[in-house]
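Enquirer: Make a model of this:
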Amino acid sequence: MATKGRINQDAAVDLLGNPLTMPINEEITRRALDELFRLTHRYSSTKAYDELLKFMRRFRFYAPYNAMLIHVQMPGAKFVAPPHRWLQEYGQ
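Expert: Presented below is the predicted three-dimensional model:
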């Protein structure tokens, strides 16, 4: 169990030893979710929804929700990977 001012030794860390979890700021989280819900309205037409589904098929190893998040953030993405994979395989 973590105490104030100390990092929990059992907490997940990245390859550089940085904690993978960040403190939650409720206002930032609320704004981010509001923005996400606002962006989902772009898929209200059949054509836009079809484009989303085609995009999601390219990333079949990701959960549909995560593929949608990728599409919202970068619709033209050709390759995606979690941060640890970028670091391990590409040094970036």
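
Enquirer: mind listing the helices in the chain by residue range?
Expert: Residue ranges of the helices in the chain, as given by DSSP state H, are 26-39, 46-58, 64-73, 83-85.

Enquirer: of these, which approaches residue 20 most closely?
Expert: Closest of the helices of the chain to residue 20 is helix 83-85, at 8.8 Å (criterion: CB to CB). For the C-beta atoms, the positions are set from N, CA and C on the backbone; glycine is no exception.

Enquirer: deepest of the helices of the chain, which one?
Expert: Using mean count of other CB atoms under 10 Å, the stretch among those with the greatest mean number of neighbours is helix 64-73 (a mean of 16).

Enquirer: pLDDT (mean, whole number) over that helix?
Expert: In this model, helix 64-73 has an average pLDDT of 88.

Enquirer: quick one, that helix and helix 46-58 angle?
Expert: 120 degrees (axes from the mean of the first three to the mean of the last three CA atoms, to 10 degrees).

Enquirer: Measure how far helix 64-73 is from the centre of its chain, please.
Expert: Centroid separation for helix 64-73 versus its chain: 8 Å, with CA atoms, centre = their mean, to the nearest Å.

Enquirer: now for that helix, which elements pack on it?
Expert: helix 26-39, helix 46-58 (3 or more CB pairs under 8 Å, 6 or more residues apart in numbering; DSSP states H and E).

Enquirer: Is there a neighbour count for residue 44? I'd like the number.
Expert: Per other CB atoms under 10 Å, the neighbour tally for residue 44 reads 8.

Enquirer: what about it, distance to residue 70?
Expert: Between residue 44 and residue 70 the computed distance is 19 Å (CB to CB, to the nearest Å).

Enquirer: which one of the helices of the chain lies closest to residue 19?
Expert: Proximity to residue 19 (CB to CB) singles out helix 83-85 among those, at 12.8 Å.

Enquirer: The closest one packs against which elements?
Expert: Applying 3+ CB pairs under 8 Å, 6+ apart, we find helix 83-85 packed against no helix or strand.

Enquirer: ok, residues contacting that helix?
Expert: Identification of contacts with helix 83-85 by CB atoms under 8 Å, 6 or more residues apart in numbering yields 14, 15.

Enquirer: before we move on, the earlier item: dump the helices of the chain to TSV, plus distance to residue 15.
Expert: What follows is those, written out as TSV (distance: least, CB to CB, whole Å):
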stretch	distance to residue 15
helix 26-39	26
helix 46-58	27
helix 64-73	21
helix 83-85	6
